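A.B. asks: Could you look at this predicted model? Sequence included:
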Amino acid sequence: MLEAYEKVLSIDIGGTSVKAAVVDRDGMIQQAFKKTPTPSPSTPGAVIATIQELVKDFTYDKVAAGFPGYIKNGIVITAPNLGTANWQQTDLAKKLHEALAKPARVINDADMQGLGLISGKGFEMVVTLGTGFGTSFFKNGTLLPHLEVAHHPVRKDKTYDEYIGAKALEKIGKERWNNRVKYILGILKTVFNYDTLYIGGGNAKKINFTLDENIKTVTNIDGIDGGARLWQQQESV
């Protein structure tokens, strides 16, 4: 558990950039966001080195990292936007612990952002519109098992990642992309019947249509205390 005086280094590993900040138990920022491009090639060694350089001036007691892929017990199973072949079976929690000399927990990036966004009431869903399409699910504040919805076929031979990810936005333009997002939101509403849906990620701000009352757009800053909340979960996830 996280003691009141402890500070958590909250790391967001993305396909485009790596971001980090230090927060206290209540999610209040103690040291502001720093950001640097994700190295290419994005091998585990290169990403770890990038993180070490990024946070060298930060002071913290524990580490929480969000990773763009499927994570099980701190171990990477898939990393579609960084290269699964390089990352598969990498014990990222252990590597961060060794590199930063602090206890570390790692979960999917959408899961961690969601921990910082949710109200803790009812069935809540978080989606991220960034390099790819991330999802997380919560029941009365408890993080539910991660589902890689992004890789499920949604339209002909396209997955969610391919249909509304950053590459699709760049290829088809903002208007057609918004039509696709509206179509996807209709599917999510029917399939999951959530009480509240949060839309984050760098491309959330590009949505140009009216959303339902129980849908909220959020920023990465809004979810910054997810790192602290991860350490407050009853069990490592």
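C.D. replies: Okay, I see it.
A.B. asks: going forward, measure contacts and count neighbours with C-alpha atoms only.
C.D. replies: Fine.
A.B. asks: Run through the neighbouring helices and strands of the lengthiest strand in the chain.
C.D. replies: Counting by DSSP state E, the longest strand found in the chain is strand 29-37. For strand 29-37, the packing partners by 3 or more CA pairs under 8 Å, 6 or more residues apart in numbering; DSSP states H and E come out as strand 17-23, helix 44-54.
A.B. asks: and the angle from that strand to strand 17-23?
C.D. replies: If you take axes from the mean of the first three to the mean of the last three CA atoms, to 10 degrees, strand 29-37 sits at 170 degrees to strand 17-23.
A.B. asks: If you count residues, where's the longest helix of the protein?
C.D. replies: helix 174-192 (DSSP state H).
A.B. asks: Buried residues, that one. List them.
C.D. replies: For helix 174-192, a neighbour-count test (16 or more other CA atoms under 10 Å) marks Trp177, Asn178, Arg180, Val181, Lys182, Ile184, Leu185 as buried.
A.B. asks: immediately after it, which helix or strand?
C.D. replies: strand 196-200 (DSSP states H and E).
A.B. asks: partner strands of that following strand, parallel or antiparallel?
C.D. replies: Here the strand partners of strand 196-200, with direction, are listed using DSSP bridges: strand 123-129 (parallel), strand 215-217 (parallel).
A.B. asks: Can you tell me which of those strands is most buried?
C.D. replies: With neighbours taken as mean count of other CA atoms under 10 Å, the strands paired with strand 196-200 reach their highest mean count in strand 123-129, at a mean of 25.
A.B. asks: gap between it and the chain center?
C.D. replies: Its chain's average C-alpha position is 10 Å from that of strand 123-129, according to CA atoms, centre = their mean, to the nearest Å.
A.B. asks: That one vs helix 174-192, what angle?
C.D. replies: 160 degrees.
A.B. asks: Tell me the helix or strand right after strand 123-129.
C.D. replies: Per DSSP H and E, the first helix or strand lying C-terminal to strand 123-129 is strand 133-139.
A.B. asks: Distance from the following helix or strand past that next one to the middle of the chain?
C.D. replies: Later in the chain than strand 133-139, the nearest helix or strand by DSSP H and E is strand 142-143. Here strand 142-143 shows a centroid-to-chain-centroid distance of 14 Å under the convention CA atoms, centre = their mean.
A.B. asks: Now the element after strand 142-143, going C-ward?
C.D. replies: Next along from strand 142-143, by DSSP H and E: strand 153-155.
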